[in-house]
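Colleague: Just to be clear, the model below is a prediction. Sequence and coordinates:
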Amino acid sequence: KSIHLIMDRFKRSLIGYYNYYCITDNTQTVNGFKEKIEELLYKWLNRRSQRKSFTWDKFRLFLKKFPLPTPRIKVNIYELRKEISYIL
């Protein structure tokens, strides 16, 4: 498959993951997940041919050209408590 299709799929998957898991106090875990995804992407892209396609330096340049989305807090649970305080 082409690099554009692979990176588009990764971006959509990461955005969905971030939308579900990016809440207050979970950013460290989500950042760790993004790092693991980058490691797996490096591994999988190097398996596309019989010889290595990327070194880590070359892979970092590749990620600058095709950046993965960065995690941001989507829901602040402390502000959410203020909105539903009438229920509690």
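Modeller: Yep, it's here.
Colleague: Provide the secondary structure category for Pro67.
Modeller: Secondary structure state of Pro67, per DSSP: H, G, I helix; E, B strand; the rest coil, is coil.
Colleague: Check what pLDDT it gets.
Modeller: For Pro67, the model assigns a pLDDT of 94.
Colleague: How about Arg81?
Modeller: 65.
Colleague: show me where pLDDT drops low in the chain?
Modeller: Low-confidence segments of the chain, defined by pLDDT under 70: 80-88.
Colleague: all strands for it, in order.
Modeller: Assigned by DSSP state E, the chain shows no strands.
Colleague: all helices for it, in order.
Modeller: When assigned using DSSP state H, the helices of the chain occupy the ranges 3-21, 27-46, 56-65, 77-83.
Colleague: Now do the buried residues in the second one.
Modeller: Read it as helix 27-46. Going by neighbour count (16 or more other Cβ atoms under 10 Å), the buried part of helix 27-46 is Val30, Phe33, Lys34, Leu41, Tyr42, Leu45. Heads up, the C-betas are built off the backbone N, CA and C, glycines and all.
Colleague: Could you dump the residues you listed into a markdown table and include distance to Phe54?
Modeller: Formatted as a markdown table, the entries for those read as follows, by distance: Cβ to Cβ, whole Å:
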| residue | distance to Phe54 |
| --- | --- |
| Val30 | 24 |
| Phe33 | 21 |
| Lys34 | 18 |
| Leu41 | 10 |
| Tyr42 | 6 |
| Leu45 | 6 |
